[in-house]
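[1] The following block contains a protein sequence and its predicted model.
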Amino acid sequence: MIRIAIVEDEEYYVKQLTGYLDEYQKSEQDVFEITVYRDGDAITSDYKAQFDIILMDIQMKFVDGMTAAEEIRQMDSEVVIIFITNMTQYAIRGYEVDALDYVLKPVSYFAFSQKLKRAVSRIKKRSSAYITLTVRGGIIRVSVEDIYYVESAGHNLVYHTGNTTHMTSGTMKQAEEVLGEYGFSRGNQCYLINLAHVDGIQDKCAIVKGEKLQISRPKMNAFMQDLTKYWGDLK
């Protein structure tokens, strides 16, 4: 199931977008859970990264869509944002908050479905492959999409998943063989990084959930090629 929020203060467009989503579900055999908010403040006031896709009107009476998106991005770097607007110049600003795309009003089903298909494709690319790790006291099953990066620590590997780490024995080469097909790339001898969680490159470091992971000079070109290809594949 894909969780979608519609943030729109005009009833006409709420009904239209809901209808388009229903039509898309039937034609593409996807399943959506749809939640409607009437203002940017309504979605940001109790936001818990609970959505996969947000369809966001830019011009709203109280908290506009751009301001709401900026707040959401501080809490959730993964959610796919698509702006709905009749002002192209506002839509272009959406790239400042890493919006995937924008749809111009009046909204046609064809244009909307093409943008939505791109967003759904991005969500499915993240979805659920699992690996099993042998840890002290037993084994655990970890979703690949939850792994931020793998760190080499002597003869062990540390899997960083959000606020949790899991230590297991193994080599970086073994981890790379398992995770390479899921969009992981070597930043240096110590880090194998999930490209899905890379927010940018700064000072020769990959920014992963606010943490700077050093990219070595020998690995820089290959890492940047992997990252550019990964981002390009999400278009």
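    Thanks, I have it.

[2] I'd like the distance between Val36 and Ile58.
    17 Å (C-beta to C-beta, to the nearest Å). All C-beta atoms are positioned from the backbone trio N, CA, C, and that covers glycine.

[3] okay, those two: which has more neighbours?
    For Val36 versus Ile58, neighbours defined as other C-beta atoms under 10 Å are more numerous around Ile58 (24 against 16).

[4] Okay, that one and Arg93: tell me how far apart.
    For Ile58, the distance to Arg93 equals 8 Å [C-beta to C-beta].

[5] residues shared between the contacts of these two?
    Met66 (C-beta atoms under 8 Å, 6 or more residues apart in numbering).

[6] Would you mind putting the CA coordinates of stretch 81-94 into CSV?
    What follows is stretch 81-94, C-alpha atoms only, in CSV (Å, rounded to 0.1, in the frame of the first residue of the first chain):
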residue,chain,number,x,y,z
ILE,A,81,6.5,15.8,-2.9
ILE,A,82,4.6,16.8,-6.0
PHE,A,83,3.4,20.4,-6.2
ILE,A,84,0.0,21.3,-7.6
THR,A,85,-0.1,24.9,-8.8
ASN,A,86,-1.2,27.3,-11.5
MET,A,87,2.0,29.4,-11.1
THR,A,88,5.0,28.0,-12.9
GLN,A,89,7.4,30.3,-11.2
TYR,A,90,6.3,28.9,-7.8
ALA,A,91,6.6,25.4,-9.0
ILE,A,92,10.2,25.8,-10.0
ARG,A,93,11.0,26.9,-6.5
GLY,A,94,9.9,23.4,-5.5
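
[7] heads up, I number from 34, so please use that
    Fine by me, first position is 34 from now on; the one you just mentioned is stretch 114-127.

[8] Now tell me what touches it from outside.
    41, 46, 50, 86-92, 98-99, 102, 105, 130-140, 148-149, 152.

[9] tell me, what residue is most central in the protein?
    Ranked by distance to the mean C-alpha position of the chain (C-alpha atoms, centre = their mean), the top residue is Glu111 at 2.7 Å.

[10] where's it relative to Lys158, distance?
    12 Å.

[11] can you pull the buried residues of stretch 174-193?
    175, 177-185, 190, 192-193 (16 or more other C-beta atoms under 10 Å).

[12] Run through the helices of this protein in chain order.
    Here the chain has its helices, by DSSP state H, at 44-61, 73-77, 98-108, 121-126, 142-159, 205-212, 250-266.

[13] what's next to the third one, contact-wise?
    What that stands for is helix 98-108. Residues contacting helix 98-108 (C-beta under 8 Å, 6+ apart): 40, 73-74, 76-77, 80, 82, 87, 89-92, 112, 114, 116, 118, 123, 126-127, 130-132.

[14] try 7 Å
    For helix 98-108, the surrounding residues in contact (C-beta atoms under 7 Å, 6 or more residues apart in numbering) are 40, 73, 76-77, 80, 82, 89-91, 112, 114, 116, 123, 126, 130-132.

[15] Weed out the non-buried ones from the residues you listed.
    40, 73, 76-77, 80, 89-91, 112, 114, 116, 123, 126, 130, 132.

[16] Farthest pair within those residues?
    Using C-beta to C-beta, the two most remote members of the buried ones among the contacts of helix 98-108 are Tyr80 and Tyr123, lying 21.5 Å apart.

[17] what about the protein, any weak spots by pLDDT?
    123-125, 128, 159-161, 266-268 (pLDDT under 70).
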